[in-house]
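[1] sequence unavailable; structure follows:
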């Protein structure tokens with residue numbers, strides 16, 4: 001449950017909300033280069049809230065952590081403004097090989113089957 005008042009919002013006291021944003025690089029730039037969804041996210045992170053256009057007031061949001069992913073492909077350039085990237089710790093992971101993926105899945109699924117007593 002989200003705790004909310006007229007000017008603030010967020011998770012219950014003592015809790016932290018983790019917001020996950022998938023494909024941060026999805027919004028294409030508009031004619032003049034703006035990316036409104038990313039600008040909204042930058043404002044949300046940088047100013048701990050956003051402007052509520054229905055009430056014409058500032059809405060503060062407390063105790064929120066944002067995690068995001070960005071798929072990099074050779075066809076589409078990554079267009080994430082540096083003004084937004086400054087709020088993230090960037091980790092680059094190359095795509096694992098097929099044998100690495102198989103090893104990880106076999107290890108995880110094997111442990112699951114052992115713990116839950118599945119027959120072989």
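    Nice, I can see it. Keep in mind that this is a model prediction, so the values were computed, not measured. Numbers count the residues shown, from 1 in each chain.

[2] residue boundaries of the strands in this protein?
    All strands of the chain, identified by DSSP state E, fall at 3-4, 8-10, 17-21, 49-52, 57-61, 64-68.

[3] most neighbours per residue, which of the ones you listed?
    Among the strands of the chain, the stretch with the highest mean neighbour count (mean count of other Cβ atoms under 10 Å) is strand 8-10, at a mean of 17. Backbone N, C-alpha and C define where each C-beta goes, glycine included.

[4] by contact count, what packs against that strand?
    Contact partners of strand 8-10 among helices and strands, from 3 or more Cβ pairs under 8 Å, 6 or more residues apart in numbering; DSSP states H and E: strand 3-4, strand 57-61.

[5] closest to residue 109 out of the strands of the chain?
    strand 17-21 (23.9 Å; Cβ to Cβ).

[6] report the mean per-residue pLDDT for the closest one.
    Across strand 17-21, the average pLDDT comes to 93.

[7] try stretch 103-111
    On average, stretch 103-111 scores 78.

[8] distance from the chain centre to that stretch, please.
    Centroid separation between stretch 103-111 and its chain, computed with Cα atoms, centre = their mean, to the nearest Å, is 26 Å.
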